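# Got a predicted structure here, sequence first:
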Amino acid sequence: HYDLVVWSQTSWRWLETKLIELGMLTNVGYNFCFVLDKTSMFAVRSTKRDGRSYNHHVKPLQIIWSKFSTRWGPHNTVHIDDLSRNFALNIPSGLKVTAYYRKKQSSARRRRDVELLGLGRYLQQLAESQCDFSQVNFGLWQDVVSGSKTFDETCRVRPASTAAAASKDVKMRDDEDTKTERNDNGKSD
């Protein structure tokens, strides 16, 4: 159902080593389109909850969306990461997962770590839903997996299944946002 991209905050040398060690590059079960390393990231300044600002690197999906606009965009991209700051420029596309340190965890804890199994079920539902991904609240994915919410409750709009309809829906929302801004003060900002 998915085209996969690995985007790591490490150098290419270490990224390649990790992917080979995990058997991900040679496994026919994965459909990797490409791999990006830290050289495709840049620093931004954000504000912490306590009001202090800090610099950090981000994974700007716009790089991919601009280069491959006919294939990928906000309507069909989900950015899965254990660091939410990595999708600071693409918050609606971000789905936060728990970090997994396979070598540092006890064997008992590794046996209890089933988050990826739930994530797999969720991504299957997402693929089958035909939702415009930009309309899905990925922050509720664990609620869907646990059964406390249905998938439909996390998808704000259920557009037609074609890319053209999804594109039209995004354009309509942009027009509505512009109208709302004009109605607030009677003038265009």
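Structure's in. What do you need?
# which stretches of the protein form helices?
For the chain, the helices defined by DSSP state H cover 12-21, 62-67, 107-112, 115-129, 141-146, 151-154, 163-185.
# tell me the centre residue of this protein?
Most central in the chain under CA atoms, centre = their mean is His79, positioned 1.8 Å from the mean C-alpha point.
# That one and Ser40, how far apart?
For His79, the distance to Ser40 equals 13 Å [CB to CB, to the nearest Å]. Every residue, glycine included, has its C-beta placed from N, CA and C.
# Find residues that contact each of those two.
The contact sets of His79 and Ser40 overlap at Lys59 (CB atoms under 8 Å, 6 or more residues apart in numbering).
# helices and strands of the protein: which one has the lowest mean pLDDT?
helix 163-185 (a mean of 35; mean pLDDT, DSSP states H and E).
# hmm, who's touching stretch 29-44?
For stretch 29-44, the surrounding residues in contact (CB under 8 Å, 6+ apart) are 2-12, 15-16, 19, 24-25, 55-60, 63, 88-89.
# and with 10 Å instead?
Residues outside stretch 29-44 that contact it (CB atoms under 10 Å, 6 or more residues apart in numbering) are 1-16, 19, 23-25, 54-60, 63-64, 68, 71-72, 85-86, 88-89.
# Stretch 5-20 now?
Applying CB under 10 Å, 6+ apart, the contact partners of stretch 5-20 are 24-26, 30, 32-41, 56-61, 63-64, 72, 77, 79, 81, 83, 86.
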